[in-house]
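Visitor: no sequence on this one, just coordinates:
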């Protein structure tokens, strides 16, 4: 969890209390209801999202970087608004174009490219994700089971106050996958799969690769099991399969058409498809699997959600084994949930990087498998109404209390805290400008481009200068791999084409990730060093971060030349 000042600590503690009160009233209403009331459900949903916004408000209004991915995505969106062609002018490494393009939308409404507007958009997408998740559970299972398996998800997103409160770059692909699961659940309920629904499921699944390739295996499993449903139930199998296939291929063909038209296909294939297949920290898949318990322990409050589902699955399986009906419960949905868990596990560990937000790919698969075994085990439980109420309260407390105890440990300083502390006075403020960005503004004009050698894309947002190379961070240029030379050649070609006004080498001993100038400074790549030396002049250094300005810009008489002289005079005082 992040740290707060006294006022925000009291605010968030009040929020925890509000969540508890809401949960108790909801449990009471559900236990006393005699049937489903959709209007009541929507009123509860409205209250849920209102509380979710109150709990997320401190993070939305805190206009500072919480995760470096936020800055990276925002810079890509800002640059795409100028250049538009993804992969050719902007390359998001592992994330696809849809993730960045969507972040342009707030600017059309007059909002700046900053963290508040991005997190507000992320909140809307999260609401869609949670809605699709709950509707999936309710379509696949009876309402009591759907509510039980949704409770861990609800508490996780309501009470998360760490890395899961920032705008992670999986925000859109998780939403698209949730919609795919929901469309699958609608098809699963139909005796005859509807061709229009199948087309829509295929179309949304076809969008997944262009949000993030990491989600493709999960979407593919959804499509395969939908195909099995068609083969089992449809009287017009060829038409139904054609609808699913055409829908799935339509969006990729649209993307491929535009990439070929704008000479970006080669970059799409080599840098996105092949590059993502090669993206790994090293080691075999078995080594990465063995490291998962460590990964899980480092995943913050996701651990609480994971343990709740494991507890529910184990209890349900024990009841099924004791009743001798385990094998009878192994129908299509059982295998769908189990395969999805295994695929999600692979998706999470494949890269070998321990990024906690990867764990969210596991949430819906865990929920579905939990629902399958719980619903199969429910008939074996012979409880009166009093025991059912007690069990409902116990389950809610099991899911809630780890979050509460973690919050209390944070408040009393017994939990380790990151360096970030959010204060009430910082909420709602415009984006702050760092000393480096102030210095950069002395040598740039609106419309200029800038290139940063290192991993601090926030400077682009502070100066409002788009990126001058497709790679906003030189990760692929500085890490060994089969295509490292190709990445360096593309980067150099971008420099020659866009000729950014400023080039910033921020590799120092305190830099993020790349913190050894002897290994990672731009001088270590001969061609890039030669280009910078020939075309740029160092004019300043702040805390070891070196600012280079294009030489012809310095020789241009007028405003920039005057600023440069003032800067030198100030440095000499």
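Guide: Arrived safely, thanks for sending. Computed from a prediction, not measured in an experiment: that's the story for all the values here.
Visitor: so where is this structure shaky, pLDDT-wise?
Guide: Within the chain, the stretches with pLDDT under 70 are 1, 33-40, 385, 413-420, 556-573.
Visitor: going along the chain, name the strands of it.
Guide: Ranges of strands within the chain are 3-4, 421-422, 450-453, 502-505, 536-542, 545-550, based on DSSP state E.
Visitor: so how far is the third one off the chain centroid?
Guide: Centre-to-centre, strand 450-453 and its host chain are 24 Å apart (C-alpha atoms, centre = their mean, to the nearest Å).
Visitor: so which residues make contact with that strand?
Guide: 440, 444, 459-460, 463, 465-469, 472-474, 495, 500-507, 521-522 (C-beta atoms under 8 Å, 6 or more residues apart in numbering). (Each C-beta comes from the backbone N, C-alpha and C, glycine too.)
Visitor: drop anything exposed from those residues.
Guide: Under a neighbour-count criterion of 16 or more other C-beta atoms under 10 Å, the subset of these counted as buried comprises 440, 444, 459-460, 463, 465-469, 472-474, 495, 500-507, 521-522.
Visitor: which of these fall in helices?
Guide: For these, membership in helices holds for 440, 459-460, 463, 495, with DSSP state H as the criterion.
Visitor: farthest-apart pair in those, please.
Guide: For these, with distances taken as C-beta to C-beta, the pair at the greatest spread is 463 and 495 (18.1 Å).
Visitor: among the strands of the chain, which is nearest residue 482?
Guide: Taking C-beta to C-beta as the criterion, strand 450-453 is the member of the strands of the chain that comes nearest to residue 482, at 22.4 Å.
Visitor: circling back to that earlier point, can you add distance to residue 107 and give the ones in helices among the buried ones among the contacts of strand 450-453 back as TSV?
Guide: Formatted as TSV, those follow (distance: C-beta to C-beta, whole Å):
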residue	distance to residue 107
440	21
459	19
460	14
463	16
495	26
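Visitor: among those residues, which one lies nearest to residue 334?
Guide: Within these, distances to residue 334 taken as C-beta to C-beta reach their minimum at residue 460, with 48.6 Å.
Visitor: thought the closest one was touching residue 466?
Guide: Yes: applying C-beta atoms under 8 Å, one finds residue 460 in contact with residue 466, separated by 6.9 Å.
Visitor: ok so, going back, select, out of the strands of the chain, the one closest to residue 207.
Guide: The nearest among these, by C-beta to C-beta, is strand 450-453 at 30.5 Å.
Visitor: how about that closest one: buried residues?
Guide: By neighbour count, and taking 16+ other C-beta under 10 Å as the criterion, the buried residues in strand 450-453 are 450-453.
Visitor: follow-up on the earlier one: name the residues contacting each of residue 460 and residue 466.
Guide: Looking at what touches both residue 460 and residue 466 (by C-beta under 8 Å, 6+ apart), the common residues are 75, 78-79, 450.
Visitor: among those, which two are most distant?
Guide: In these, two members sit farther apart than any others by C-beta to C-beta. They are 78 and 450, at 11.3 Å.
Visitor: quick check: neighbours shared by those two?
Guide: By the contact definition C-beta under 8 Å, 6+ apart, residue 78 and residue 450 are jointly contacted by 460, 466.
Visitor: can you verify my assumption that residue 142 contacts residue 375?
Guide: Yes: contact criterion C-beta under 8 Å: residue 142 and residue 375 qualify, at 6.4 Å.
Visitor: so how many other residues sit close to the closest residue to residue 334 other than its chain neighbours?
Guide: Sequence neighbours aside, residue 372 is the residue nearest to residue 334 in space, at 4.9 Å (criterion: C-beta to C-beta, 6 or more residues apart in numbering). Here the number of neighbours of residue 372 (other C-beta atoms under 10 Å) works out to 26.
Visitor: again with residue 32
Guide: By other C-beta under 10 Å, the residues close to residue 32 number 9.
Visitor: so for residue 142 and residue 375, which sits in the more crowded spot?
Guide: Taking other C-beta under 10 Å, residue 142 and residue 375 do not tie; residue 375 has more neighbours (20 against 14).
Visitor: for the residue nearest the centre of the chain, give me its contacts.
Guide: To find the centre residue of the chain, average its C-alpha atoms and take the closest one (C-alpha atoms, centre = their mean): that gives residue 170, at 2.4 Å. Residues touching residue 170, when contacts are defined by C-beta under 8 Å, 6+ apart, comprise 212, 214-215, 357-358, 360-361.
Visitor: next: residue 248.
Guide: By C-beta under 8 Å, 6+ apart, the contact set of residue 248 is 202-203, 205-206, 223.
Visitor: once you drop chain neighbours, what's closest to it?
Guide: Using C-beta to C-beta, 6+ apart, the closest residue to residue 248 is residue 202 (3.6 Å).
Visitor: quick check, the one you found in contact with residue 242.
Guide: No: contact criterion C-beta under 8 Å: residue 202 and residue 242 do not qualify, at 9.8 Å.
Visitor: who's more crowded, these two?
Guide: Neighbours were counted for residue 202 and for residue 242 using other C-beta under 10 Å; residue 202 has more, 26 against 15.
Visitor: which parts of this protein belong to which domain?
Guide: What automatic domain parsing lists as the domains of the chain is 1-168+384-431, 170-279, 294-381, 435-572.
Visitor: could I get those domains as CSV with distance to residue 288?
Guide: Written out in CSV, the entries for those read as follows (distance: least, C-beta to C-beta, whole Å):
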stretch, distance to residue 288
domain 1-168+384-431, 16
domain 170-279, 13
domain 294-381, 4
domain 435-572, 17
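Visitor: buried ones in stretch 395-414?
Guide: Of all the residues in stretch 395-414, those buried under the rule 16+ other C-beta under 10 Å are 395-396, 398-400, 402-404, 406-407, 410-411.
Visitor: farthest pair within those?
Guide: The two members of these with the most space between them (C-beta to C-beta) are 395 and 411, at 25.5 Å.
Visitor: so residue 344 makes contact with residue 361?
Guide: Yes: assessed by C-beta under 8 Å, residue 344 is found in contact with residue 361 at 4.6 Å.
Visitor: pull up the overlap in contacts between those two.
Guide: Residues within reach of residue 344 and of residue 361 at once, by C-beta under 8 Å, 6+ apart, are residue 218.
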